[in-house]
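J.: Quick one: sequence plus predicted model below, questions after.
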Amino acid sequence: MSSPTPFNRPALTEALDAWKQLLAARGFATELRWIFEENLCFEKSRVPQGGSGFHLGFQTKFTPPPEDALDIAFDHFCEADKRIVLYRLGESAGKSICVLLSDPWFENKGEADGFLRRDEWRVSFHPGQKDEIEEIADLGRWLRRVKHGRAFHDLDFSMTLAAIDEIKIHGRVLMPYERFASTMLNRLRRFLGQPA
């Protein structure tokens, strides 16, 4: 078994500068809008696109990311030795819509898969195509979005806004049993007439 290649994570500003240079070289918008899992909106497509049967949009009206969400997600992902991916979904209103991802799933992905690797950082870039991505402002569409029953996707490795909140409140992402216990305590407090 070979030892992993040594790497040195960049500062977020350095990674973003490299990302913007790559996007500019491809003729894509360099003004960035970062979204998270709760902002993604997979919908069943009336006309299957590329055979997937799903249409991808996004929304920030109902679950807006906090201003420091990208910093928190990047710092959290940097704590692990897993590959970080700056992933562009498309363009909307003159901005590149981007998602920060991280998982060992991306370790073997290269140019043939649309990923440009910076192994000295253990970071990859996925600039995507010159596609428009729809911003969804209709609450009904967002509530009916597909959460289950679709093919596995790279975007399934995005950070959640719930995890961002946990990091801000507790200094770390909670374990599932801790999340359950917190929910039950809050319900008990409400039952007893105490503030949650």
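T.: Happy to help now that I have it.

J.: what's next to stretch 60-70, contact-wise?
T.: 12, 33-36, 38-39, 100, 135, 137, 139, 142, 159, 161, 164, 168 (C-beta atoms under 8 Å, 6 or more residues apart in numbering). (C-beta placed from N, C-alpha, C; glycine too.)

J.: Of those residues, which belong to helices?
T.: Within the contacts of stretch 60-70, residues falling in helices by DSSP state H are 12, 139, 142, 161, 164, 168.

J.: Based on its surroundings, how many neighbours for the fourth one?
T.: In other words, Leu161. For Leu161, the count of nearby residues is 19 (other C-beta atoms under 10 Å).

J.: again, but for the last one
T.: When neighbours are counted by other C-beta under 10 Å, Lys168 registers 12.

J.: Please apply the same query to the fifth one.
T.: Residues within reach of Ile164, counting by other C-beta under 10 Å, total 22.

J.: pretty sure it contacts Ile72?
T.: Yes: taking contacts as C-beta atoms under 8 Å, Ile164 lies within contact range of Ile72: 5.3 Å.

J.: tell me the centre residue of this structure?
T.: Taking C-alpha atoms, centre = their mean, the centroid of the chain lies closest to Ser158, which sits 3.2 Å from it.

J.: ok, that one touching Phe58?
T.: No: contact criterion C-beta under 8 Å: Ser158 and Phe58 do not qualify, at 11.1 Å.

J.: Name the surrounding residues that touch the helix or strand Asp17 falls within.
T.: For Asp17, the host element (DSSP states H and E) is helix 12-25. Helix 12-25 is contacted from outside by 10, 29-30, 32, 70-71, 74-75, 84, 86, 88, 96, 98, 116, 118, 121, 123, 125, 127, using C-beta under 8 Å, 6+ apart.
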